[in-house]
Every structure is written in structure tokens, then in C-alpha cells.
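# okay, here's the prediction I keep looking at, along with the sequence it came from:
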Amino acid sequence: MDPSTLWWSFSSLAAAFVLFQMFTVPSHLRHLPCVPILPLLVSYLSGEVEDVRIKRLILPFANERDEGLVLVWALGRWMIHILDHKLGAQMAENPLLYPKELPPDGLLLWRFIGGSNVLLANGERWKKHSNVIRDAFNLSIPIDQFTHLAKNLFDVINPPSDGNDTHTVDFSDLAQRFALDAVGSSVLGYDFDAIRTESLFVHEYNGIMHDIANPLYLIMPFLEKVFPRRKVIKRMDNLVDKFKMLLQAKRNDPGDDMMTFMLKDPAMSEEELRDNMVVLFIAGHDTSAGGLSTLIYFLAIHPEIQAAAREETLRVLGPTSIPSVDTLSAASLPYLNACIRESLRINTPISYIVPRAAVEAVTLGKYYIPPNTSLIYNIYAVHHRNDVWGDPHTFRPNRFLDNTERGSVLKDAWIAFASGPRQCPARNFALYEQRALAVMLLREYEWILPADSIHKNGLKNAFSPFALTLPRDLHITFTKRKC
């Protein structure tokens with residue numbers, strides 16, 4: 001046989017063996033229910049969005065087979081997705097036994113966000129980050145800033161010089177711009193002015209996130225080491241340098257923002273400050289935008305619910321009063337808050353949380369979990385279990401106004417901000433941000449979905465490989481109300 005042919009045959013066999021080993025369920029996990037590998041690979045390579053993949057391939061294990069967890073191949077390895085909130089709570093309540101997993105692969109996302117932040121840290125290091133960030137978020141809720149940004153949004157929805165009362169806008173884009181200005185002014189202490197102008201910063205950020213999401217590199221993360229994407233890495237490092245410049249600018253010009261507060265803590269290193277800044281940026285920009293877009297969508301397709309939320313808003317705040325922390329509280333606006341909770345349930349902005357790994361062999365319910373196994377709390381799946389929600393794909397805010405024992409069960413199963421000691425420290429901030437913008441829009445406009453909307457038969461999300469659930473091309477027709 002020709003040597004070159006022999007070499008090619010040997011290389012092909014070696015590659016086939018490596019792929020077989022990669023995609024085959026390890027022997028110590030074969031006792032667990034498992035999503036077949038072939039449809040998963042087809043889903044990843046075709047760019048199927050996360051919520052569709054969960055509904056099609058993962059949810060049947062919960063709704064039809066009554067399983068509490070399932071093995072899923074993702075990001076180059078097999079992971080356990082937890083589908084039952086009771087099992088999830090068992091894990092979430094014990095961060096010492098189930099610490100956050102250090103990312104074992106070469107995904108560029110981890111290079112971007114770093115490892116020295118509240119998202120990935122464990123033990124005493126996590127406590128330090130958590131305490132500082134919680135204290136920063138508890139300083140005050142910037143209601144005035146939220147309402148100011150809402151008025152800026154009005155000028156884009158209805159330009160003052162236009163004279164027309166009805167306009168159709170891409171609200172998914174406006175929600176991103178609103179969220180960026182909100183996180184910029186209140187968290188980072190920087191005015192992106194994104195609502196009124198196109199932000200080159202966020203344009204570069206979106207481009208990098210798109211490049212990171214190459215399906216082939218997501219399926220086989222080791223390719224980042226074999227065939228490094230140097231241009232993407234350079235662009236990403238340049239953006240990181242811009243975050244560092246924002247941090248230095250904040251040192252030179254302190255303000256009332258959260259980064260200024262964090263800079264005062266001598267225990268926070270430069271790397272920790274930078275990594276937390278990136279994490280807070282992603283959380284405050286992407287997840288907030290997704291939640292806001294989803295809420296506006298469901299109020300658009302349910303005019304009777306929109307009208308009920310507006311009636312409550314006008315009854316509590318009147319048509320022109322300045323919103324405050326008290327008037328925007330969940331207790332003051334229970335129906336609007338229920339609408340927000342339901343929208344966060346049905347199209348959760350983040351589908352699942354960063355993996356954890358048990359430090360020793362454990363049992364979750366009826367399932368034996370070997371040590372060092374990746375565990376993911378699948379928020380989207382938990383929020384769509386038939387046995388918990390009854391009609392999980394129906395937008396029904398009243399389920400969160402149920403004060404019976406049934407309502408208590410639903411409260412426990414609602415994990416939009418995760419659960420346990422490591423639930424999102426910005427949850428109160430995020431809910432006030434949603435209530436503030438919703439109140440301002442409800443008093444100013446009525447809105448509907450255009451007849452030719454791509455969402456007329458159901459909400460469609462953009463592709464995101466990082467568990468983000470973000471509505472795409474969400475055009476909404478706003479009509480200014482006659483007061």
C-alpha cells in the first residue's frame with residue numbers, strides 16, 4: 001500500500017475513534033436517561049435556537065417520561081440537565097457540595113468574561129464578590145434614571161417633529177438600547193447614549209458574540225486550540241481593553257454608580273473588577289433586553305391583559321405622577337408584576353445557569369450522580385413542565401396571583417433568577433427596571449403586533465449558543481394614547 005494512502009487511512013481511523021469516544025456516553029453515566037446524540041448534533045449544526053431545541057428534544061423527558069433529569073451532549077461533553085425544581089433546589093441550596101464548575105474547555109466566551117467574578121467563583125472568593133455586588137445593588141434603585149430613559153425611548157417611538165400618533169418600531173432593538181443605557185448609567189457609570197445614537201461599543205460586542213458562536217467550535221471546543229481564531233481573539237481582547245478603559249475612567253471620575261462603589265473595596269483586584277464589569281454588562285444588557293421584549297410582546301398579543309395592566313397603573317400612579325420605589329413595588333402593582341413574572345417564566349431570558357459539579361458521589365431523587373459530573377439547572381425546562389404549570393405554553397399572569405397552596409408550588413417552581421444562595425443578586429434591580437419601563441409605556445401608548453409579524457404564530461428568538469433567550473426582529477406598532 002502506498003505510504004500516503006496508509007497515512008490517510010490511519011488518520012481517518014484515528015479521527016473516527018476520537019469522535020466515537022467524544023460522542024459516546026461514558027460508562028459511568030449510562031444508567032441515566034439520555035437525549036440521542038444525532039438529533040442534538042443536527043440541532044447544533046443547523047443553528048436551531050435554544051428554546052426550540054429544549055421543547056423538541058429535552059422537554060419530552062419531563063412531560064412524557066416523567067424524568068427529573070436527562071443527559072445532554074453540549075459544548076464538547078455530556079452534561080446532566082436538571083428538569084425538576086425540587087431536584088434543582090436540592091442542588092442550589094448546597095453550594096459547597098455543588099460548586100460552580102470551572103469551564104474545562106477552550107470556549108472563547110470564558111476568555112471574554114474571565115474566571116474571577118461572581119458568576120464562576122466559589123467558596124470564600126464567591127462570598128467576597130457576592131457581598132460587594134449585593135451591597136452595590138442595594139444602594140438604591142435608580143427609578144429616576146429608568147423613567148428618564150423611558151422618555152428618551154418615547155422620542156424614538158414617536159419623533160416629536162413627526163406629527164403622527166402611530167409608529168411601528170423594532171422593539172427588540174430598542175429594548176437592547178434601553179437596557180444598555182440603563183446598565184451603563186447605573187452600573188458602569190458611563191453614558192452610552194444608545195437610545196438616541198448607534199453605539200459602536202455594543203455593535204462591536206454583538207459582532208464578537210456572533211463570532212464566538214461558530215457552531216463547529218461549539219460542538220468541538222478543542223478546535224480553539226488546534227485552529228485558534230486569532231482575528232476574533234484580537235477583536236475580543238480589544239473590547240476587553242475598552243472595559244479596562246471604562247474602569248480607569250471611573251477611577252479618575254467617581255460617581256454614584258455601582259462600579260464606583262466596588263472600586264472602594266480594597267480587597268477587589270484589578271482582574272476581579274474587570275471580570276465582574278463584563279459579567280454585569282452581559283447580565284444588564286442581554287438578559288434585561290430579552291425580558292423587556294418578551295413582556296411587550298405578550299401584552300401586544302393579549303390586549304385584554306394589556307388593558308388590565310394599564311388600568312392598575314393609572315389607578316395607582318395616575319396619568320402623570322413621577323414613579324417612585326414605593327409606587328413601582330410589587331405590592332403596589334401586583335397585576336403588572338404578575339405579567340412580568342409570567343413573561344419571565346414563559347420565555348426566560350437565560351435558559352439555564354452555569355454548570356455545577358458535585359464534589360463527591362450524590363443522589364438526586366432517584367438518580368445516582370457520580371462525582372465531578374457536570375450539572376445544569378435547566379430553567380426553561382422547569383418553567384414548561386406540564387405537571388407543574390398545567391398549561392405551560394399559555395400566557396396566564398393570574399397564576400401568580402394565586403394565594404392557595406397551588407400558588408405556593410408555582411412560586412417555588414419559578415426560578416427566573418435561579419434559586420438558593422447563588423441566585424441573581426440583581427433580581428430586584430431587574431424587576432424594578434421592567435416595572436418602570438412598563439408603567440411609562442402603558443401610560444403613554446397602546447400597542448399591537450403588526451399583521452405581517454414573524455411572531456404572529458408564536459414568539460421567535462434569535463440564535464444564541466450561550467443560553468440567552470432574546471426575541472428577534474420584534475416589530476411593534478405603538479399608538480399614542482389620547483389622555
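Sure thing, it's come through. Residues are numbered from 1 along each chain as shown.
# where along the stretch 301-450 of the chain do the strands fall?
Counting by DSSP state E, counting those that start in this stretch, one finds strands in the stretch 301-450 of the chain at the ranges 356-357, 362-364, 367-369, 374-377, 445-448.
# please identify the pairing partners of the fourth one and their relative orientation?
When sheet partners are counted by DSSP bridges, strand 374-377 sits next to strand 77-82 (parallel), strand 356-357 (antiparallel).
# buried deepest among the ones you listed, which one?
Comparing the strands paired with strand 374-377 by mean neighbour count (mean count of other CB atoms under 10 Å), strand 77-82 ranks first with a mean of 23. From N, CA and C alone the C-beta is placed, and that goes for glycine too.
# now the strands paired with strand 374-377 in CSV, with distance to L328?
Listed next are the strands paired with strand 374-377 as CSV, based on distance: least, CB to CB, whole Å:
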stretch, distance to L328
strand 77-82, 33
strand 356-357, 34
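# dump those into JSON lines; add mean pLDDT and distance to P349 as well.
JSON lines is the format used below for those (pLDDT from 0 to 100; distance: least, CB to CB, whole Å):
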{"stretch": "strand 77-82", "mean pLDDT": "94", "distance to P349": "18"}
{"stretch": "strand 356-357", "mean pLDDT": "94", "distance to P349": "20"}
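# quick one, which of those strands is nearest to S130?
Relative to S130, the nearest member of the strands paired with strand 374-377 by CB to CB is strand 356-357, separated by 15.6 Å.
# skipping adjacent residues, who's closest to R356 in space?
Excluding its sequence neighbours, the residue lying closest to R356 (CB to CB, 6 or more residues apart in numbering) is Y98, at 4.3 Å.
# scratch that, I54 is what I was asking about
Spatial nearest neighbour of I54, excluding adjacent residues (CB to CB, 6+ apart): Y380 at 5.1 Å.
# correct me, but the one you found touches V49?
No: taking contacts as CB atoms under 8 Å, Y380 lies outside contact range of V49: 11.1 Å.
# so these two - more neighbours on which side?
Neighbour comparison, Y380 and V49: the larger count goes to Y380, with 24 against 19 (by other CB atoms under 10 Å).
# which pLDDT value goes with the more buried one?
We have a pLDDT of 97 for Y380.
# residues in contact with it?
50-51, 54, 348, 351-352, 469 (CB atoms under 8 Å, 6 or more residues apart in numbering).
# beyond the helix ranked longest in the chain, next helix or strand please.
Among the segments of the chain that qualify as a helix by DSSP state H, the longest is helix 230-252. Proceeding C-terminally, helix 230-252 gives way to helix 258-263 as the next helix or strand, assigned by DSSP states H and E.
# V226: neighbour count?
With other CB under 10 Å as criterion, V226 counts 8.
# what bits of this structure have low per-residue confidence?
For the chain, the stretches with pLDDT under 70 are 1-22, 104-106, 465, 483.
# bridging residues for the residue most central in space within it?
Among the residues of the chain, the one closest to the centroid is I350, at 2.9 Å (CA atoms, centre = their mean). Under the criterion DSSP bridges, I350 forms beta bridges with L468.
# contact partners for it?
287, 290, 379, 467-469.
# now list the buried members of those.
Among the contacts of I350, those scoring as buried are 287, 290, 379, 467-469 (criterion: 16 or more other CB atoms under 10 Å).
# farthest-apart pair in the residues you listed, please.
G290 and I379 (12.5 Å).
# residue boundaries of the helices in the stretch 351-483 of the chain?
Residue ranges of the helices in the stretch 351-483 of the chain, as given by DSSP state H, counting those that start in this stretch, are 379-382, 386-389, 405-413, 427-444.
# to Y190, which of those lies closest?
Among the helices of the stretch 351-483 of the chain, the nearest to Y190 by CB to CB is helix 427-444 (17.0 Å).
# dump that closest one to PDB, restricted to CA.
Extracted as PDB, the C-alpha positions of helix 427-444 are listed here (Å, rounded to 0.1, in the frame of the first residue of the first chain):
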ATOM      1  CA  ARG A 427     -33.100  40.400  40.600                       C
ATOM      2  CA  ASN A 428     -34.800  43.300  42.500                       C
ATOM      3  CA  PHE A 429     -33.000  45.800  40.200                       C
ATOM      4  CA  ALA A 430     -34.100  43.900  37.100                       C
ATOM      5  CA  LEU A 431     -37.800  43.700  38.200                       C
ATOM      6  CA  TYR A 432     -37.900  47.400  39.000                       C
ATOM      7  CA  GLU A 433     -36.400  48.200  35.600                       C
ATOM      8  CA  GLN A 434     -39.200  46.200  33.900                       C
ATOM      9  CA  ARG A 435     -41.900  47.700  36.000                       C
ATOM     10  CA  ALA A 436     -40.600  51.200  35.500                       C
ATOM     11  CA  LEU A 437     -40.500  50.900  31.700                       C
ATOM     12  CA  ALA A 438     -43.800  49.100  31.500                       C
ATOM     13  CA  VAL A 439     -45.600  51.700  33.600                       C
ATOM     14  CA  MET A 440     -44.200  54.500  31.400                       C
ATOM     15  CA  LEU A 441     -45.200  52.700  28.200                       C
ATOM     16  CA  LEU A 442     -48.700  51.800  29.500                       C
ATOM     17  CA  ARG A 443     -49.500  55.400  30.300                       C
ATOM     18  CA  GLU A 444     -48.200  56.700  27.000                       C
END
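# how about the contacts of I350 in JSON lines, adding distance to L109?
What follows is the contacts of I350, written out as JSON lines (distance: CB to CB, whole Å):
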{"residue": "T287", "distance to L109": "15"}
{"residue": "G290", "distance to L109": "17"}
{"residue": "I379", "distance to L109": "18"}
{"residue": "A467", "distance to L109": "11"}
{"residue": "L468", "distance to L109": "11"}
{"residue": "T469", "distance to L109": "16"}
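# closest one to N428 out of these, please.
Nearest to N428 among the contacts of I350, with distances taken as CB to CB, is T287, at 14.3 Å.
# list the buried ones in stretch 214-225?
Buried-residue list, stretch 214-225, by 16+ other CB under 10 Å: 215, 217-221, 223-224.
# could you pull up the residues touching D155?
By CB under 8 Å, 6+ apart, D155 lies in contact with R196.
# looks to me like it is in a helix.
Yes: assessed with DSSP: H, G, I helix; E, B strand; the rest coil, D155 lies in a helix.
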